[in-house]
Each structure stands twice: as structure tokens, then as C-alpha cells.
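> Quick one, what's the 3D model for this:
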Amino acid sequence: MKNRISTFFAAIVLTFSLHGQSGDNVWKTLGKISYKKEYDEVMGFKIDKPVFGDQIRALDGKEVSIKGYIIPVEGYKSHKEFIFSAFPYSMCFFCGGAGPETVMEVEALEGVKYSADAITLKGILRLNDKDINRLMYKLVNAKLVKN
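Residues are numbered from 1 along each chain as shown. Predicted structure coming up:
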């Protein structure tokens with residue numbers, strides 16, 4: 001009984017702490033990830049599989065607002081699908097020393113015009129710990145938030 005009560009109160013605290021998180025705080029929460037080594041049949045070797053803690057799992061399927069940077073790709077003008085990063089291009093996972101927890105795939109409802117400045121997006125967060133060919137995080141039904 002004591003375990004159920006403490007779990008209940010932890011869930012309430014987590015709910016209140018997640019409600020209204022700023023874009024920076026969402027990245028901090030997403031950064032609290034761990035990995036486990038697991039053999040992948042297709043690849044033929046062990047891979048680092050993400051392990052999402054309770055705080056991250058609580059965000060799965062929820063609408064979040066997140067501030068970050070569009071990672072430019074060749075021919076980018078105004079795409080609906082792109083990579084979004086907690087850090088500017090020169091410091092992002094693909095170009096700098098940041099980890100894979102600092103980037104996410106985005107599927108926007110409308111094309112988002114490229115900007116080198118930070119922007120804020122709002123959308124539904126999805127977690128991925130199954131498909132190693134995709135990023136761990138995906139923001140779907142994303143919209144640009146007017147700053």
C-alpha cells in the first residue's frame with residue numbers, strides 16, 4: 001500500500017512539473033536517458049538501445065512546446081519534415097559533440113521556413129526505441145509558435 005501511495009504522489013508531482021514546461025526544460029527532460037547494449041539481428045552487432053525513464057515516458061503522446069534550431073539540409077527552403085536540435089548547427093549531434101538525445105525528427109502541419117535563430121515548435125512527442133534507423137524522438141503535427 002505504501003508503494004502505491006508513493007507512486008501516486010510521484011505521478012502527481014511529475015504531472016505538475018511537466019505541465020507548462022518551457023522548450024529548454026523539455027530538452028533537459030529528454031536528456032535524462034540511459035542506454036543498454038542489445039544485440040541487433042539485422043546489424044549483426046550490439047547497439048546502444050535507448051531506455052526511457054518515467055519522466056520521458058510521461059511526455060510520450062503529449063503536446064509539448066520546444067525551443068531549438070532547424071538543422072539545414074541541402075535544398076532546404078520550407079519543409080514539413082526536418083531535423084530539429086537543442087543546439088545550433090555547429091554544436092548539434094551531427095556536427096558537434098552533442099548526443100543523440102539532443103535532436104528529433106519533425107513532421108510539421110505546414111512548411112517551416114528556415115531560420116538560423118532559435119524557434120519554438122509545438123506538437124505531439126513520440127518516443128522511438130525500436131527503429132535504429134530513426135531518431136529517438138519525433139515531434140508530429142508540429143506547428144511554429146509565434147514568438
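> Which strands and helices lie in contact with the lengthiest strand in the chain?
In the chain, with assignment by DSSP state E, the single longest strand is strand 103-113. Applying 3 or more CB pairs under 8 Å, 6 or more residues apart in numbering; DSSP states H and E, we find strand 103-113 packed against strand 63-71, strand 78-85, strand 119-127, strand 137-145. (Each C-beta comes from the backbone N, C-alpha and C, glycine too.)
> Which other helices and strands does the third one contact?
Identification of packing neighbours for strand 119-127 by 3+ CB pairs under 8 Å, 6+ apart yields strand 63-71, strand 103-113, strand 137-145.
> which residues sit against it?
23, 26, 52, 56-57, 59-70, 84, 106-108, 112, 136-145, 147 (CB atoms under 8 Å, 6 or more residues apart in numbering).
> Any buried residues in it, and which?
By neighbour count with 16 or more other CB atoms under 10 Å, strand 119-127 contains the buried residues 119, 121, 123, 124, 125, 126, 127.
> what does the shortest one give?
Using 16+ other CB under 10 Å as the test for burial, strand 78-85 gives 79, 82, 83, 84, 85.
> All good on my end, thank you.
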